[in-house]
Each structure stands twice: as C-alpha cells, then as structure tokens.
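1. Give me a model of this one.
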Amino acid sequence: MPEETFGDACQKTGGKIMTKLDCSVTGCMHNAENCCCKNTILVEGKTAQDKCDTCCGSFDEKKGRTLFKTPESRLEVECEATNCVYNTDRRCSAEHIGITGGNATVSMQTECSSFQKR
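-> Just a heads-up that it's a prediction; the model follows:
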C-alpha cells in the first residue's frame, strides 16, 4: 500500500503523522538549528482556547550543550489541545507547526504558535 502524503512537509508513515516543526525555543536542550532533536514531542493544553494556553511538554531547560546531536525536521507531535483544529486523536495533523518561546526556562514560557481553535 503506498504511503499517504500530506503536502510536502507532513507524511503519514506506519500510522504516525510526521509534522514539519520549527522551534524557536533556544532555551531548550533539545533545540538545534531551530529544529527539535527529539523524534516525538508533546503539546500540552487540554483546555486551551488560544495559543498562549498551550506549551511544549517536552521542553527541558538548556544547561550547556544540546543533549541530542541530530535535529529532526519532521517528527511526531502528540497533542493534548483537543480544542485545536489540527488535533486528530491526540496527534497533530498540521503540515507545519511552530513552537515559540525564545530563551524560556520552563515549559509554560513556550507555546504552539500554530494552535487554532475549533
């Protein structure tokens, strides 16, 4: 069975939706070159009504060098923001998302800038 493609930035592989992620959270140990070095992240915000009500639950404060070496340009995004139009069965179905927060020191200083209320 051929692989489904969702635009050029999001692929469904093995039942997982792979989203293109731009991360500007330079204060996170998983950030390298505006990409995340994890292969899966969690967006929190069960009761979110706006993007400021979300955050990256996978954030870890950078205390020196980046923990992982290889940035992932596409990754799986688990999402608790059930009020978001891109949330499909707790997975982000957006082709491209952004996580913002600059020099955040805690996850609550980050947000999913792509959140759109249903």
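
2. C-alpha only now, for contacts and for neighbours.
-> Noted.

3. What strands line up against the biggest strand by length in the chain, and which way round?
-> Among the segments of the chain that qualify as a strand by DSSP state E, the longest is strand 16-23. Sheet pairing of strand 16-23 (DSSP bridges) gives strand 10-13 (antiparallel), strand 74-79 (antiparallel), strand 96-100 (parallel).

4. ok, and for that strand, which residues are buried?
-> Of all the residues in strand 16-23, those buried under the rule 16 or more other Cα atoms under 10 Å are 17, 18, 19, 20, 21, 22, 23.

5. wait, the fourth one sits on residue 97?
-> Spelled out, it's residue 20. Yes: with contact defined as Cα atoms under 8 Å, residue 20 reaches residue 97; the gap is 6.4 Å.

6. who touches both of those two?
-> Common contacts of residue 20 and residue 97 (Cα atoms under 8 Å, 6 or more residues apart in numbering): none found.

7. count of neighbours near the residue nearest to residue 49 when sequence neighbours are not counted?
-> Excluding its sequence neighbours, the residue lying closest to residue 49 (Cα to Cα, 6 or more residues apart in numbering) is residue 117, at 6.2 Å. By other Cα atoms under 10 Å, 15 other residues sit near residue 117.

8. Show the backbone phi and psi for residue 117.
-> Per-residue torsions, residue 117: phi -70, psi 140 (degrees, to the nearest 10).

9. quick one: pLDDT of it?
-> According to the prediction, residue 117 has pLDDT 97.

10. Go ahead and confirm it touches residue 50.
-> Yes: taking Cα under 8 Å as the definition, residue 117 is a contact partner of residue 50 at 6.6 Å.

11. buried residues in stretch 72-92?
-> Applying a neighbour-count criterion of 16+ other Cα under 10 Å, one finds 72-84, 86-88, 91-92 buried in stretch 72-92.

12. how far away is residue 90 from residue 81?
-> To residue 81, residue 90 is 8 Å away according to Cα to Cα, to the nearest Å.
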